[in-house]
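A.B. asks: Predicted model and sequence follow; I will ask about them next.
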There are 4 protein chains.
Amino acid sequence: MQCGEPVEQVTLRPGMTVDELVSALSRAGAYNGGALARAADIYEAMLRDRRTVKFMGLAGAMVPAGMGRIVSDLIGGSHVDVLVSTGANLTHDIIEALGCRHYHGSASCSDVELREEEINRIYDVFLPNEAFIRFEEFMQDTLSGLSPGAPLTIRDLLGTLGRALPSGILATAARKEVPVFCPALADSMIGLQFWLYSQTNRINVDAFLDMNALLTTCFEAERAGALLIGGGVPKNFILQSMLMTPRGFDYAVQLTGDRPDLGGLSGATLDEARSWGKLNESARAVTVYGDATITFPMLVAAVMERMAR
Amino acid sequence: MQCGEPVEQVTLRPGMTVDELVSALSRAGAYNGGALARAADIYEAMLRDRRTVKFMGLAGAMVPAGMGRIVSDLIGGSHVDVLVSTGANLTHDIIEALGCRHYHGSASCSDVELREEEINRIYDVFLPNEAFIRFEEFMQDTLSGLSPGAPLTIRDLLGTLGRALPSGILATAARKEVPVFCPALADSMIGLQFWLYSQTNRINVDAFLDMNALLTTCFEAERAGALLIGGGVPKNFILQSMLMTPRGFDYAVQLTGDRPDLGGLSGATLDEARSWGKLNESARAVTVYGDATITFPMLVAAVMERMAR
Amino acid sequence: MQCGEPVEQVTLRPGMTVDELVSALSRAGAYNGGALARAADIYEAMLRDRRTVKFMGLAGAMVPAGMGRIVSDLIGGSHVDVLVSTGANLTHDIIEALGCRHYHGSASCSDVELREEEINRIYDVFLPNEAFIRFEEFMQDTLSGLSPGAPLTIRDLLGTLGRALPSGILATAARKEVPVFCPALADSMIGLQFWLYSQTNRINVDAFLDMNALLTTCFEAERAGALLIGGGVPKNFILQSMLMTPRGFDYAVQLTGDRPDLGGLSGATLDEARSWGKLNESARAVTVYGDATITFPMLVAAVMERMAR
Amino acid sequence: MQCGEPVEQVTLRPGMTVDELVSALSRAGAYNGGALARAADIYEAMLRDRRTVKFMGLAGAMVPAGMGRIVSDLIGGSHVDVLVSTGANLTHDIIEALGCRHYHGSASCSDVELREEEINRIYDVFLPNEAFIRFEEFMQDTLSGLSPGAPLTIRDLLGTLGRALPSGILATAARKEVPVFCPALADSMIGLQFWLYSQTNRINVDAFLDMNALLTTCFEAERAGALLIGGGVPKNFILQSMLMTPRGFDYAVQLTGDRPDLGGLSGATLDEARSWGKLNESARAVTVYGDATITFPMLVAAVMERMAR
């Protein structure tokens, strides 16, 4: 047990850049501020390592909070090779891509009144019901273009949706041919639309078929890295994907608001993942606890600043 | 804005029963102790209401923590009509049903050493790798009994697994003919086993087909209630299932360790669900924040005590 | 690194006692349920060890939540030798002892309306302003009985208040001659009343004088144990008190809702306290994360049940 | 209930300044990212309002984490009129001012080994014991310069310490004649040193005398604002100080990692403070949940950037 570098007291300067702040936090080195600075170092190393297949996990209601464009810009900038998302983020991505908007709202309000005014609440974000009318039109229209032949994969289905959209995460991923996986797609408004469509049409999406492509990617990866926004299905699906291969992840950064002592995977430390072999013994990994609407843009802005130098 | 009942200071008595304690918390009425007491009232009303279809959501690593038997006993006691679970809980349920055990461990340990000793860690629970050898044998054996015909539903697949097991959640659900849904099944060791099997066999499990049966149940339900252990996919899948019907849930109890201000669904209040119409405007609902390894057994023990009177 | 006992799945039984439930959690052994069961073992051992001086720390708004009587009953049962509290808990203890009540309220309400109706809110507990009128009468009346001689200690002041009250924590402590320390007493309504009194009267309470008696107790203690409800000043004041002696605490149980990764003392693990020497290297200690309105009554009910056998 | 502005998806730019990021979070407007942006608006308005007395509360182990210089720079820049701190932060401020350092460490380590190597741990910050030797010398030396006459206030005592130090929070506050209050000073290493000194010397520090000066400031304040880092005694002491005056705070920003549903003051929303009259009904106030080692430097860097324009 040894002392590392001395803690440098943070000095702020008007007009300092985000990476200047993150670098100051690195010299301070403590708590989640220090963890965020280490996350920037690891994420930078991961992006600069050309042998590394870059996974991204996206959980939590990030698109309604305005974090979606950071994801699509990362995809557009070739910083994501595989995206695993919750169905909800993709639903809200489609809604934004269709020109509908989420709105500033309040968490202190009457949800019964909101219900009467047909406004859906996501903590302090409001989403009028009319967005789901546009969403339904788009979904039914796009699904009707699918041919009822051999079983589809979820990835194919999401690719089809992405190609029909002008912008956003799914559209950018389609354009960049980045696969988007969403194992729990049934658990989202997309799933409900699919059910609606299947009442009068026959189509078959396989629940497991995506694993072939994903595990092929894993087997072929020389090295692997993961940026995990939140936990949930995306975190586990990404981490477990390397389990079948002889080696685990080499880089991993998790931004989560959950806590480890409850035993759930979302709050579990990345060290725990080493015991399972999901991470290599020598993997560079860090968990930053906090709200990803703060830590995610800080992390990416800092690393983009470094990459642009 | 009015004051309710006075807070009664809690008086403890040696040998008091769990419901005597919960009732004392009800008279105190404050913070999560008060919420737990309200949860007991709502869950009791839900179980006593014969018109109510009773949903249960199971997220978080509950089976490794010894909470699995509470779930299977509730199913066995006809207190669950529909179970929605994470794949991980079902994986660990199978492991326990096969006679393998989870073990008391420690969260303060070297995960690299654990890796070398082939022990997997779930916070302070240890699971030796050999359990997964038995798991693989069982899975490959059971999957090989499936016929490669029309697309299977995930529910059918889980029913087949349950019928091949002597005890536990899946076995009891199979015996009681309680459907088990798991939309993210691919995101679990069961999913990995399925992928392994599909390398040499052809089988097709549909990702969305379960929604037919689930939504039929929802349309037919006179009233609906939900006990949600944790958040994640099970919470959302249950709550969204009523969205397509003219009415929402009438009763809902959530036990979660997450927090609402991060915007994620797992920590979202059940009030938020009213704005979406997932809960009725007049639904009785409460969220208890805390570790479900404490709140879940307390809730169920208290309500079982009331039901036995 | 070795596996301990197998996790026993928890079996619930209608009418089981609190300690039967806690013992089941002990056999399950996981997460905070397991920690709570270990806390019961440690607290029982601490109470049974006659050589041990028993400290209790009380932070968080416990009296408004109905947890005050558990504290006064523990004092009355000779299970507390030294109490360290926040000023707020003592303020609310006086209010209850004067016959004023806290009331069941709601956390979802307009605080501006509450202000207009002269109701003070503590999360979902309401306290009408009139309680503070009674409180002021009592305080000014009791303070006027103090003689303006040599500097008083805070402990003496609190003892005087306790002797003037019919029931509650301060009254029971006065009757049992248990010292009550409150280093931040100025930071409470008691402090404001003291300021009011000192506008027209002269009295001097020493900020540090209590440390003599406290450290004498610490030096004389053969062994020392601490039950810490919440963190804050009481936790630190108790733990630091042993720092000057050659040895630290032998037993420590902390019930807290805070988290360790923010670096604050309230959420810090008790292991961290070993590095400082506040706990002995071999001390039996555990932290239970969660709402003390649940964990505190469970812990005490379970241990009282054991002690009554 | 109405929708506000649309959520603007955050666009990051390499080299963007901290305030450019905070402004982007303002346009996104969601969760704690949105709250942080509102905090910057409120803190800017508070600093620009010349009629406002500016309070600052400092809790949590901020100095060991390198956040101390931000505080001393704010004092030096005349942005703090009254500081209320925990004793621990002042202890670590003295240690740094004496030239001793805190060090980068790890939260995953053996605290027993640390104890043997005489290293004290604060989450992932290490502090060698030798710092406390220097601290003791300084404290005993400075205390010996005090004359044992009339009762001292805690503020006077801290002023004396500040004047004897070359840099840091206490030194800057002394230089700028900013009063530092610390009602729980006994609960810190400073308190232990005081006790040590008083074993052979006579000195009397009054526990309540500071309230005169503080409440005079409050009565004279045309308007009042508070920046609260963490909760604890500093938060309550600041907020309660306006209770005796006819009006409450006009501006308040709290950065805290605690949660409201546990009922404790540290996690309580600032809305709750309106019911007590601690905040004006129309006060501009916001709570940002998260680790202050991230939110505090972001907030201050953004606002300093605005002030420098």
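C.D. replies: Sure, I can see it. Numbering: from 1, shown residues only, chains lettered A, B, ... in the order given.

A.B. asks: Going by C-alpha atoms from here, please, whenever you check contacts or count neighbours.
C.D. replies: OK.

A.B. asks: elements contacting the helix or strand harbouring residue A:156?
C.D. replies: Assigned by DSSP states H and E, residue A:156 belongs to helix A:154-163. Of the remaining helices and strands, those touching helix A:154-163 by 3 or more CA pairs under 8 Å, 6 or more residues apart in numbering or on different chains; DSSP states H and E are helix A:130-143, helix A:169-176, strand A:180-181.

A.B. asks: Next, the residues that contact the shortest one from outside, please.
C.D. replies: By CA atoms under 8 Å, 6 or more residues apart in numbering or on different chains, the list of residues contacting strand A:180-181 from outside reads A:82-85, A:154-155, A:158-159, A:170, A:173, A:210.

A.B. asks: again, only this time at 7 Å
C.D. replies: With contact meaning CA atoms under 7 Å, 6 or more residues apart in numbering or on different chains, strand A:180-181 is reached by A:82-85, A:154-155, A:158.

A.B. asks: Over to the second one?
C.D. replies: For helix A:169-176, contacts defined as CA under 7 Å, 6+ apart pick out A:68, A:71-72, A:75-76, A:93, A:159, A:162-163, A:165, A:179.

A.B. asks: pLDDT of that helix, averaged?
C.D. replies: Per-residue pLDDT over helix A:169-176 has a mean of 98.

A.B. asks: CA atoms only for that helix, dumped as PDB, please.
C.D. replies: The C-alpha coordinates for helix A:169-176 follow below in PDB (Å, rounded to 0.1, in the frame of the first residue of the first chain):
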ATOM      1  CA  ILE A 169     -28.700   7.400 -33.800                       C
ATOM      2  CA  LEU A 170     -30.400   4.800 -35.900                       C
ATOM      3  CA  ALA A 171     -30.000   6.800 -39.100                       C
ATOM      4  CA  THR A 172     -26.300   7.500 -38.500                       C
ATOM      5  CA  ALA A 173     -25.700   3.900 -37.500                       C
ATOM      6  CA  ALA A 174     -27.400   2.700 -40.700                       C
ATOM      7  CA  ARG A 175     -25.300   5.100 -42.800                       C
ATOM      8  CA  LYS A 176     -22.100   4.100 -41.100                       C
END
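
A.B. asks: quick check: angle from it to helix A:154-163?
C.D. replies: On the basis of axes from the mean of the first three to the mean of the last three CA atoms, to 10 degrees, helix A:169-176 is oriented at 100 degrees to helix A:154-163.

A.B. asks: Report the buried residues of helix A:169-176.
C.D. replies: Within helix A:169-176, the residues that qualify as buried are A:169-174, counting by 16 or more other CA atoms under 10 Å in any protein chain shown.

A.B. asks: ok, back up a step: looking at the contacts of helix A:169-176, which is nearest residue D:50?
C.D. replies: residue A:68 (39.9 Å; CA to CA).

A.B. asks: got JSON lines for the buried residues of helix A:169-176, with distance to residue C:4 too?
C.D. replies: Conversion of these to JSON lines gives the following (distance: CA to CA, whole Å):
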{"residue": "A:169", "distance to residue C:4": "47"}
{"residue": "A:170", "distance to residue C:4": "47"}
{"residue": "A:171", "distance to residue C:4": "51"}
{"residue": "A:172", "distance to residue C:4": "50"}
{"residue": "A:173", "distance to residue C:4": "47"}
{"residue": "A:174", "distance to residue C:4": "50"}
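
A.B. asks: In a markdown table: the helices and strands packed on helix A:154-163, plus distance to residue C:114.
C.D. replies: Output for these, formatted as a markdown table (distance: least, CA to CA, whole Å):
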| stretch | distance to residue C:114 |
| --- | --- |
| helix A:130-143 | 36 |
| helix A:169-176 | 45 |
| strand A:180-181 | 49 |
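
A.B. asks: ok, now which ones touch the closest residue to residue A:285 other than its chain neighbours?
C.D. replies: In space, residue A:285 comes closest to residue A:252 once its chain neighbours are excluded; the distance is 4.6 Å by CA to CA, 6 or more residues apart in numbering or on different chains. Residues in contact with residue A:252 (CA under 7 Å, 6+ apart) are A:225-227, A:284-286.

A.B. asks: got a winner among those for most neighbours?
C.D. replies: Counting neighbours by other CA atoms under 10 Å in any protein chain shown, residue A:225 leads the contacts of residue A:252 with 31 neighbours.

A.B. asks: And the pLDDT at the nearest residue to residue A:139 once chain neighbours are set aside?
C.D. replies: Once flanking residues are discounted, residue A:139 sits nearest to residue A:193: 6.6 Å by CA to CA, 6+ apart. On pLDDT, residue A:193 comes in at 96.

A.B. asks: center of chain A - which residue?
C.D. replies: Closest to where the C-alpha atoms of chain A average out (CA atoms, centre = their mean) is residue A:58, at 1.7 Å.

A.B. asks: Tell me what residue A:226 is bridged to.
C.D. replies: Beta-bridge partners of residue A:226, counted by DSSP bridges, are residue A:55, residue A:252.

A.B. asks: I figured it hits residue A:53, correct?
C.D. replies: No. Under the criterion of CA atoms under 7 Å, residue A:226 makes no contact with residue A:53, lying 8.4 Å away.

A.B. asks: where do the strands sit along chain A?
C.D. replies: Assigned strands in chain A, in chain order: A:52-58, A:82-85, A:103-104, A:119-122, A:125-128, A:152-153, A:180-181, A:205-206, A:223-229, A:249-256, A:279-289 (criterion: DSSP state E).

A.B. asks: re earlier: what's near enough to touch the residue nearest to the centre of chain A?
C.D. replies: Neighbouring residues of residue A:58 by CA under 7 Å, 6+ apart: A:84-86, A:228-230, A:234.

A.B. asks: So what's the residue count around the closest residue to residue A:107 other than its chain neighbours?
C.D. replies: Closest residue to residue A:107 apart from its sequence neighbours, by CA to CA, 6+ apart: residue A:124 at 4.5 Å. Neighbour count of residue A:124, defined by other CA under 10 Å: 24.

A.B. asks: number of nearby residues for the closest residue in space to residue A:292 that isn't next to it in sequence?
C.D. replies: Nearest residue to residue A:292, sequence neighbours excluded (CA to CA, 6+ apart): residue A:255, at 6.1 Å. Burial measure for residue A:255: 27 neighbouring residues, criterion other CA under 10 Å.

A.B. asks: just to revisit the earlier point, CSV for the strands of chain A, including mean pLDDT and distance to residue B:242?
C.D. replies: What follows is those, written out as CSV (pLDDT from 0 to 100; distance: least, CA to CA, whole Å):
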stretch, mean pLDDT, distance to residue B:242
strand A:52-58, 98, 26
strand A:82-85, 98, 23
strand A:103-104, 98, 25
strand A:119-122, 97, 15
strand A:125-128, 98, 19
strand A:152-153, 94, 26
strand A:180-181, 98, 26
strand A:205-206, 94, 23
strand A:223-229, 98, 29
strand A:249-256, 98, 29
strand A:279-289, 97, 33
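
A.B. asks: Any chance of the ones you listed in a markdown table with distance to residue A:31 as columns?
C.D. replies: What follows is the strands of chain A, written out as a markdown table (distance: least, CA to CA, whole Å):
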| stretch | distance to residue A:31 |
| --- | --- |
| strand A:52-58 | 23 |
| strand A:82-85 | 28 |
| strand A:103-104 | 31 |
| strand A:119-122 | 29 |
| strand A:125-128 | 29 |
| strand A:152-153 | 42 |
| strand A:180-181 | 33 |
| strand A:205-206 | 43 |
| strand A:223-229 | 19 |
| strand A:249-256 | 14 |
| strand A:279-289 | 9 |
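
A.B. asks: For residue A:33, which of the ones you listed is the nearest?
C.D. replies: Of all these, the one in closest proximity to residue A:33, counting by CA to CA, is strand A:279-289 (8.1 Å).
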